[in-house]
Structures are given as C-alpha cells and as structure tokens.
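Chemist: Quick one, structure for this:
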Amino acid sequence: MTGFSPAGGPPAARVDLVRETRFGVTLEDPYRWMEAEDAELRDWLAGQGGHAAAVLNELPGRAALLARIRQCAGPGGGAGTDSAFALAGDRVFHLRQRAAGPVPVLMAADSQGERVLLDPAALAGAQHGSLDWFVPSPDGHLVACGVSAGGSENSSLRIVDADSGELLSDVVPGTFLGGVSWVPGRDALVCHRYLPPAAGTPPDQRRRDSRACLHRVGTPAADDVVVLARGRNPRVPLAPIDRPFVLTPAGSDQMIAVISHSALGGPVGEEMSDCSLYVAPRAGLDDPAGCPWQRVAGPADGVTSFALHGEYLYLVAHRGRPQARVLAVPLAAPDLAAAAVVVPEGEREVAAVRVVGDQLLVHDRDAGLSRLRRVPLAGGAPAGHAPREVPLPVDGVLHRWMGHPQRDEAFLVLDSWTRSPQAYRYDSRSDTVTEAGWLPPPAADFSGITVSDLRVPARDGTLIPLRVVHQEGLRRDGTSPTILSGYGSYGYVLHELFAPEMLAWYERGGSYAWAGLRGGGEYGRAWHEAGRGPRKENTITDFIDCAEFLIAQGYTSPERLAGEGTSAGGIPAGGALVRRPELWAAMVLQVAATNLTRNEFSENGPINIPEFGSVTTDDGLRDLLIADCYRRVRDGTPYPAVLLTVGLNDMRLPAWEPAKMAARLQAATTSGRPVLLRVEAHAGHGHGSTQAQRQALTADILAFLARELGLAQ
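Modeler: The predicted structure is shown next:
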C-alpha cells in the first residue's frame, strides 16, 4: 500500500561525501557531517520529527488504537503496574506505575502498610524525572535510587530514608549504570561512577576511566573514596574502557570486583560477558591501593554469573565448553582450575545462580524459556548432591528473582506471551513454589490468544526458535498482518514477554513473531558466539530465514509482513531490509544500530568494540561491514515503508545514527512508500519514557503498520 505524506514532505539532508580507505576498503559516507551533532542536525531533526508527527497523527485508526492501548495497559492491566521487586529487612520495595502518573514511583510495603517513598516526577525540572534503578540497604532502612531527566538514564544517585520517607541531601552524579552495593555494618555504599568529561573531549573518550567509589551517607560526592580505578591498585590492571564494579554482599566478610571489558548483557552478576572477577577481604575498603585482590577468573574463563555464600564463590563458567558448568571456588584458595563441579554441563544452558537458605538455585534457559533447579548445600558448602528440578507454574521466562538475605525464601516473577507477570514464593525448606499474590490480574483479556512454538531450519540447518503470537484458530492462508522481531546480540534473551498493549493488534487479526536469533543467548554462550564477529551474518540470515518460513507456512505474505528491530535488533532488521527489500511491506527501526562502522566513535561506542569489532583492525572492519546496513543502502531501490525512531537524550545510541539511515533511505528509495523519522525530544533509548510517551509510540507504530499491511480497522 502506498503511504501518503503532507504537502512538502520531509526536509532533504545536505550531501557532503566523505571518502576514506581502511585496509583496502573504500568507505563512502554522504552524511558524515551529522556526527558533529550541531545546530544543522538539530534543525533537520526538528523538520523530520514535525513531518513524521503530521503523517502519523493523521493515520486512519490511530486514535482508536491509542484508546484501546490505554485500556489494555491500564491499572492492573500490564507488566508495568508493579515491577522491579526487592526484599530488605521487613520490607518489600517495588516500582508502581499509577494510572495518572507519568512514570513509576518507588513503593515500600511493610507491617504498617504500603506507601510511596519517591516520586521522580516531583523532582522534574525542564524535563520529566524517572527512576532508572534502586537498591535498598540490607536492613531496609535506606534506599539508593538512580534519578535521571528526560529518559536519558544519565542518573544521579539519591538516597531515601525508608523509615521517614525523607529524601536525603546526598547527590552522586555519573551513576548511569548504578552498580550499587551497600556495605554491611556501615552507612555507606559502593557505586560505579563516570566522571564528567572536560570540555572538548571527543565523544569516544568521554566514558574512559570510570571508577568504583565508596560513598558515605550524608557526605558530599566530592569526598567519595575511589575504591577501584585504572592505576588505583596494581593487582587489578584496567584498560581505559574497562568498568569496575565492587560488590559487598551481606553475610560475608569478602567482596567481589567485577571488571567489565565490554557491554553488559544483563545486570552485574547475571548474564555477563567478557568480565574478570577478583575477591578480597571487605576490610580492604579502608586501603584501596593496598587491597589484596586475588584474581579468580578472566574473560577467557567465560564467567557469566556468580553467587557468593559463606566461604564459597559459585560461578557459571564456560571455558572450553559449549555449555556452562557451575563451579564452587573456595575463597581461601580461589583457584578456578581446582574448583569443584557443582552442576555439570548439560543440554540446557545455565543462565544464573542464587543461594537461598541452604539451596543453590540454578536458572536454566531452554530455547529462551526459563527452567529452575536446586542443589542442596551443607552450611553453604557444596555437598555433592545432584541438581533437582523445581517445577515452575508458568512456561515462560523468569523476569526477575530475588532472595532475602536473612530468610530461606526467594520470590520469582514469571511471565509468558499470553499471561501477565505473577509473583511466586519459593520456600527452600519445603521446596515449594506458591503464588505470592502481589500482582493483580490483567485488564487485557488474552483468553483468545495463543502461541505457536516453532523451530525454523536456517539455511545451514540450525534450528532457530520462533514464537508466533496470534488469535486462536488462525487461518494460515497468508493474510494475517505479521510483525517479525528479533535481537541477536550480547547473548541477550528477551525477559519481558507479556505486552498487554499488543492485544490491540491481535484482536484485529494481527500476529507477532519473535525469533531467537544467533548472537543472543537462547542456547547459551555458544549461541551468542555463533552470531558474533565474523559470524554476524548468521544473525541477519536467521531473521530472513524466519521471514521466509512464516510466508511458506501461510502465517503471512510479503504484502503483509513487517520487520522490527530495536537497538542492536537494528542489525538483523536493517540487514534484512537492505538485503531483501522485496520481502517486506514495512520495517520499523527503533533507536536502531544501523551504522556500525562509525558507532565506535560515539560516546557509548568503545565499550561495544568487543561485541562488534573495530575499524582499526582488518578483521574488525570486515565484521562491521557485515552489520552496517547504512552502507548497504542502494540508490534506485524500491524499499518498503520504513519508520525509524530516535530519542534526543539517548546515552546508548547517538541521534545521528538513525538520522543518517533515514536520510540515506529517503534519498535512495523509488517505491513511493514513506520513510519517516519519528523524533522524541524528551526521551532516550526507551528506558525512563513516560507512560504517555510509551503508549503514543506504540499507537504510532501499530497505526503505521496497520496502514501498510492492511490490518482491519
């Protein structure tokens, strides 16, 4: 279907061709000037954003879709109603999205009832405030919170007194990643900090030499003690881009240093990649330069998760093996080579471990879905018992799990594609899982929606997991408008499956498919490595092969198929767009990585070099050329309709990257179908957006696709 545009269309971008040759490859870039992020780019983005808003606001059915989205994701109707639970002392802390509130607020519940501890909207200045993360102290009396403006995630650490509700005067800037760990027995915490760069610092050098700092409650951030940084301690060598995190778990006199050498695929301690681990007595905080750190593991050991309990460190390690094992390392002699095997490698991938009471809980992944096992310990030490299955009440994903430092229980939040998140209590003494009753039932009725769990043979024979969400009784005659999404980087696995707002799409006859592409973590580290570096083409061809499978099996047809990719999901989606433009009726690229050969020169680029490569090496350049869809756009090609999005406060992806892709597609396409760049001035990568922003974005995307794919209105 041919899209329409208001008179005048979007503003054209100035062409200023830059040529450079690296390792015999000539790279041409007509829009390199955008990387200066100056007034010219800002003006061009304003024009593009105004044009896109005019087009999207006039789309047939958008108002009805937005109204239905609000109904489906209303109070009690979505994953965002209550989320991010934490246990400390006699309190439960969590975030709550209130019906009338712009962003989630921090709640505390105890024997005295439930109350709001912090509403970040009340701290807003020119742009809305939001909570990026929170960490309660072990006794539950204080809560460290990351507060940022405009959805930027550029958070400053604030502290709330959970007893009085008072927001303390502490302000620690540069805590984008949080990495907070309270120090037991002290009114102090350790956090990760970026220092403000000097004026004129190039973007790719602005996040060098970050550090772990000890902050004492009630003192200025300028008085923080640097615990770990490059050059701080000779036992822990750091490169400029390395990020040190120091954890001081309750119940132990030891502490752990995690050195992240590349982008993190999950929280510190779970689903990590390219990390080194060190241990030391917690007393070493008093002498950071002389702290006797001992190295436990390096990047080659492939440690992706750990748990400290008593005198043992339990590690999920992959070294030399396709699947992970769980090892027990005695802190008295932290030699990985002599570690005891607690859980041997098996068919399922071990994602993470936690100690609850006298049980080691093992979170497994099976094609992206969660499974749980337990291993009995003896006083915190391995006892030689074989793992036993813990039956879960939901066949879905473990969205979040948390234990209590002083209790023999853990709480699990599970969700699936057609069932809203529910919280369950695991009692390690009775080995039972019971519903906690924390989360209300959804307002969105998914009783008529089902999931087809498929395996797609890729062109090399590898089976790719594909889940298709659709109405029951779907006629496989190729007429269902279908959105195909995927990610396939960092070993990441989708953690949030239930999307109540998507009912507005399903009930109109639309379908949604998620592909577990190589490069992700659906089958563990080997799956990640199979779509990394020189093997990145697998990520893109997996996405294409899943699209062709959906067509061949009658789920949809090229005229009714859209691709979608968010962030690094822009690599498979954008790669499929430029390799097979005839396969799609539309493509949506949300804050998408599209210009990988230039990404390393952005503020967040250097930390991604281990995952994607660098143009400063021959091999790295060739890896990046696979992933860079911007460079593969060809003039005179009839591209499908494309909707790109950008947040001007994005700390993860520079605004010029989607901007360059939009300009190149607008200049190259001959199809007459729209190429729109949706610009959000007061948002970032999506984290920290307001409820209204999220709902408006979903309405714009679904209305755009409804028109292009012929969805019933």
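Chemist: and stretch 318-328, how far apart are its ends?
Modeler: 14 Å (CA to CA, to the nearest Å).
Chemist: pLDDT below threshold where in the stretch 401-550 of the chain?
Modeler: 405 (pLDDT under 70).
Chemist: Which stretches in it count as strands?
Modeler: With DSSP state E, counting those that start in this stretch, the ranges of strands along the stretch 401-550 of the chain come out as 409-416, 419-427, 432-435, 449-457, 463-471, 482-486, 511-515.
Chemist: The stretch 51-200 of the chain now?
Modeler: Counting by DSSP E, counting those that start in this stretch, the strands of the stretch 51-200 of the chain are 82-88, 91-96, 105-110, 113-118, 129-136, 142-149, 156-161, 181-182, 188-193.
Chemist: would you turn these into JSON lines with mean neighbour count and distance to residue 324?
Modeler: Heads up, the C-betas are built off the backbone N, CA and C, glycines and all. Formatted as JSON lines, the strands of the stretch 51-200 of the chain follow (neighbours: other CB atoms under 10 Å; distance: least, CB to CB, whole Å):
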{"stretch": "strand 82-88", "mean neighbour count": "20", "distance to residue 324": "26"}
{"stretch": "strand 91-96", "mean neighbour count": "21", "distance to residue 324": "30"}
{"stretch": "strand 105-110", "mean neighbour count": "19", "distance to residue 324": "34"}
{"stretch": "strand 113-118", "mean neighbour count": "15", "distance to residue 324": "38"}
{"stretch": "strand 129-136", "mean neighbour count": "23", "distance to residue 324": "26"}
{"stretch": "strand 142-149", "mean neighbour count": "24", "distance to residue 324": "30"}
{"stretch": "strand 156-161", "mean neighbour count": "21", "distance to residue 324": "33"}
{"stretch": "strand 181-182", "mean neighbour count": "24", "distance to residue 324": "24"}
{"stretch": "strand 188-193", "mean neighbour count": "24", "distance to residue 324": "26"}
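Chemist: do you know which of those strands lies nearest residue 253?
Modeler: strand 181-182 (14.1 Å; CB to CB).
Chemist: same question for that closest one, mean pLDDT?
Modeler: What strand 181-182 shows for mean pLDDT is 97.
Chemist: Touching that strand from outside, list them.
Modeler: 135-138, 142, 144, 188-191, 245-250 (CB atoms under 8 Å, 6 or more residues apart in numbering).
Chemist: And these, which two are furthest apart?
Modeler: 142 and 245 (19.8 Å).
Chemist: which sections of this structure are below the confidence cut-off?
Modeler: Checking the chain against pLDDT under 70 turns up 1-7, 74-80, 124, 379-380, 405.
Chemist: quick one, what contacts the nearest residue to residue 460 once chain neighbours are set aside?
Modeler: Closest residue in space to residue 460, ignoring its immediate chain neighbours: residue 538 at 7.8 Å, by CB to CB, 6 or more residues apart in numbering. Contacts for residue 538 (CB under 8 Å, 6+ apart) come out as 458, 460, 462, 517-519, 530-531.
Chemist: Out of those, name the two that are farthest from one another.
Modeler: Longest span within those, CB to CB: 460 and 519, 14.4 Å.
Chemist: Compare the two and say which is more crowded by neighbours.
Modeler: Legend: neighbour count by other CB atoms under 10 Å for residue 460 and residue 519, higher for residue 519 (31 against 11).
Chemist: got the contact list for the more buried one?
Modeler: Here residue 519 is in contact with 487-491, 527-528, 530-532, 536, 538-539 (criterion: CB under 8 Å, 6+ apart).
Chemist: again with residue 359
Modeler: 374-377, 428, 431.
Chemist: could you redo the last one with a cut-off of 7 Å?
Modeler: Counting by CB atoms under 7 Å, 6 or more residues apart in numbering, residue 359 makes contact with 374-377, 428.
Chemist: Look up how far residue 464 lies from the residue nearest to residue 460.
Modeler: 10 Å (CB to CB, to the nearest Å).
Chemist: next one: residue 244
Modeler: 37 Å.
Chemist: likewise residue 162?
Modeler: 46 Å.
Chemist: how about the helices of this protein, start to end?
Modeler: In the chain, the segments counted as helices under DSSP state H are 39-57, 62-72, 503-506, 525-529, 536-552, 570-579, 596-599, 609-612, 618-627, 656-668, 691-709.
Chemist: if we compare those, which one ends up closest to residue 236?
Modeler: Using CB to CB, the nearest of those to residue 236 is helix 609-612, at 18.6 Å.
Chemist: of all the strands of the stretch 51-200 of the chain, which lies closest to residue 414?
Modeler: strand 82-88 (12.4 Å).
Chemist: so what's residue 131 up against?
Modeler: 95, 104, 106, 120, 145-147 are the contacts of residue 131 under CB under 7 Å, 6+ apart.
Chemist: and what of residue 536?
Modeler: 519, 623, 626-627.
Chemist: Let's have those residues in CSV, adding distance to residue 693.
Modeler: Output for the contacts of residue 536, formatted as CSV (distance: CB to CB, whole Å):
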residue, distance to residue 693
519, 29
623, 35
626, 33
627, 29
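Chemist: By neighbours, which of those wins?
Modeler: residue 519 (31 neighbours).
Chemist: For residue 384, see how far away that one is.
Modeler: Counting by CB to CB - residue 519 and residue 384 are separated by 37 Å.
Chemist: how many neighbours does residue 636 have?
Modeler: 7.
Chemist: Give me the spatial nearest neighbour of it, chain neighbours excluded.
Modeler: residue 670 (5.6 Å).
Chemist: Could you do residue 408 as well?
Modeler: Residue 408's closest residue in space is residue 357 (CB to CB, 6+ apart), at 3.2 Å.
Chemist: The one you found touches residue 428, doesn't it?
Modeler: Yes - using CB atoms under 7 Å, residue 357 is in contact with residue 428, at 3.6 Å.
Chemist: Between those two, which contacts overlap?
Modeler: Between them, residue 357 and residue 428 share the contacting residues residue 408, judged by CB under 7 Å, 6+ apart.
Chemist: Distance check, residue 693 against residue 61.
Modeler: Following CB to CB, the distance that separates residue 693 from residue 61 is 20 Å.
Chemist: and if you look at residue 105?
Modeler: For residue 105 relative to residue 61 (CB to CB), the value is 33 Å.
Chemist: residues in contact with the closest residue to residue 118 other than its chain neighbours?
Modeler: Distance criterion CB to CB, 6+ apart; nearest residue to residue 118, sequence neighbours excluded, is residue 106 at 4.2 Å. By CB under 7 Å, 6+ apart, the contact list for residue 106 reads 93, 95, 117-118, 131, 134, 143, 145.
Chemist: Is it possible to get CSV of the residues you listed that adds distance to residue 319?
Modeler: CSV is the format used below for these (distance: CB to CB, whole Å):
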residue, distance to residue 319
93, 37
95, 37
117, 43
118, 42
131, 37
134, 34
143, 37
145, 37
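Chemist: and which of those residues is nearest to residue 585?
Modeler: Using CB to CB, the contacts of residue 106 come closest to residue 585 at residue 95, 37.2 Å.
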